[in-house]
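A.B. asks: Need the 3D shape of this:
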Amino acid sequence: MKVNSSYFGVLILLFSFPICPASAQELGSWELGIYYPDEDSANPFEISPEGSVNVEFFIENSGITEITVQLEYEIPFGGEFDAPEEESIPSGTNKSFDLKISGIDVQAFDAEKKEKFSITGTISSRQGVPDLTASSQNREGDLEIPTIFAISVEISDPFGSMNSGSETILTVTVRNDGNGQDGVGEVLVEDDCPLLTSDNGLDSLTIGNIDSGKTKDAELRLIASESHPRRHCDITVTVSSKRALNQGINAIGQDEVRVSVEPPPKGESGDSGEEETNPSDSEDSIKSNLPAPGIISLISAIFMSIFYPRKISNK
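C.D. replies: As a prediction, the model looks like this:
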């Protein structure tokens, strides 16, 4: 049979047209992506103070067949996650998913510390048929530890009660319980006794910073007026986080202690160590040094009995 040369040329042209490469490209067209904060991959996902964060991602299938994608995750900071392990994406569709991260102990890490998480998607089948190419994509993002502002106060117990007109000293300890360097922004001392005053000893707490987990001490001097009555006085010390104040956040620590004020001891007669002399005692003492009247009379009688009779006999 004689083949028309023009027909043969058409067949060669058809077989030479790159249909297969185009079909293969269309078949494998899919994308794994993450919705970054403000659509910028350089922006981290900030973990909440409770140690959780939600990451939204998507899989877009632009191919001509349905794909099934297996998903794997790597989470930093010892976190746990809840997310799909396998998803089927119909042809020409885009599906979004949530990667819920939790269980991160933010107190165990420095504030603003960053580490990467990753999502890996691998096509396991197309239209229900196992895919031997195992096409895979990986996306990453940053998780950031938040800054925790936490500050606490402890006031030492007084050494017993204080007297009116005297003073006592209490030690005030401030502890930085946050996860970054902080300091004391403001100090407030309050009491419910109008005749009790304090000095400015706690102002030293506002100087410098306090490292995470460290403490700083200062002495609070209380002075009771001489006219202060017997009363229990409640002293309250409130301090605020310096870094929190700078960011417009209210983070405070507070403690309270009770101080008892007693009147000064009254003077007693024996306090001077000298005993008062009773006039009657002096008189008795003087009288006791003189001879008793009965003894004088007896001596006089004996003397007269001896000498007086002799005078009579001489007459």
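A.B. asks: All the helices of the protein, in order from the start?
C.D. replies: 5-16, 19-27, 242-246, 279-288, 293-313 (DSSP state H).
A.B. asks: how about the CA coordinates for the third one, as PDB?
C.D. replies: Read that as helix 242-246. Included here for helix 242-246 are C-alpha records, laid out as PDB according to Å, rounded to 0.1, in the frame of the first residue of the first chain:
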ATOM      1  CA  LYS A 242       9.300  48.300  84.700                       C
ATOM      2  CA  ARG A 243       9.200  46.600  81.300                       C
ATOM      3  CA  ALA A 244       5.400  46.200  81.500                       C
ATOM      4  CA  LEU A 245       5.000  49.900  82.300                       C
ATOM      5  CA  ASN A 246       7.100  50.800  79.200                       C
END
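A.B. asks: Could you pick out the longest strand of this structure?
C.D. replies: Using DSSP state E to define each element, the chain has its longest strand at strand 114-126.
A.B. asks: So which elements touch that strand?
C.D. replies: strand 30-34, strand 53-61, strand 67-74, strand 93-102, strand 136-144 (3 or more CB pairs under 8 Å, 6 or more residues apart in numbering; DSSP states H and E). C-beta here means a position set from N, CA and C on the backbone, and glycine is covered the same way.
A.B. asks: is it possible to export the ones you listed to a markdown table including mean pLDDT and mean neighbour count?
C.D. replies: A markdown table is the format used below for the helices and strands packed on strand 114-126 (pLDDT from 0 to 100; neighbours: other CB atoms under 10 Å):
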| stretch | mean pLDDT | mean neighbour count |
| --- | --- | --- |
| strand 30-34 | 97 | 17 |
| strand 53-61 | 98 | 18 |
| strand 67-74 | 97 | 18 |
| strand 93-102 | 98 | 15 |
| strand 136-144 | 97 | 16 |
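A.B. asks: Distance to Asp177 added to those strands, as TSV?
C.D. replies: Converted to TSV, those look like this (distance: least, CB to CB, whole Å):
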stretch	distance to Asp177
strand 30-34	34
strand 53-61	22
strand 67-74	31
strand 93-102	22
strand 136-144	20
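A.B. asks: among those, which is nearest Arg126?
C.D. replies: strand 67-74 (5.6 Å; CB to CB).
A.B. asks: pLDDT below threshold where in this protein?
C.D. replies: 1-28, 267-315 (pLDDT under 70).
A.B. asks: what pairs with the closest residue in space to Gly33 that isn't next to it in sequence across the strands?
C.D. replies: Closest residue in space to Gly33, ignoring its immediate chain neighbours: Phe58 at 5.3 Å, by CB to CB, 6 or more residues apart in numbering. Note on Phe58: beta-bridge partners by DSSP bridges are Gly33, Ser96.
A.B. asks: Would you mind listing the residues in contact with Phe58?
C.D. replies: Phe58 makes contact with 32-35, 94-97, according to CB atoms under 8 Å, 6 or more residues apart in numbering.
A.B. asks: so how far is Gly180 from Pro158?
C.D. replies: Separation of Pro158 from Gly180 (CB to CB, to the nearest Å): 34 Å.
A.B. asks: whoops, Gly51 was the one
C.D. replies: 16 Å.
A.B. asks: again, but for Glu186
C.D. replies: In terms of CB to CB, Glu186 sits 19 Å off from Gly180.
A.B. asks: Tell me which of those two has more neighbours.
C.D. replies: Gly180 (19 against 13; other CB atoms under 10 Å).
A.B. asks: Apart from its chain neighbours, what residue comes closest to that one?
C.D. replies: Counting by CB to CB, 6+ apart, the residue nearest Gly180 is Ala111, at 3.4 Å.
A.B. asks: Run a quick check on that neighbour versus Ile145, I expect a contact.
C.D. replies: Yes - taking contacts as CB atoms under 8 Å, Ala111 lies within contact range of Ile145: 6.1 Å.
A.B. asks: Spit out the residues that contact the two alike.
C.D. replies: Common neighbours of Ala111 and Ile145 (CB under 8 Å, 6+ apart) are Asn179.
A.B. asks: who's more crowded, these two?
C.D. replies: Neighbours per residue, other CB under 10 Å: of Ala111 and Ile145, the larger number sits with Ile145, 26 against 18.
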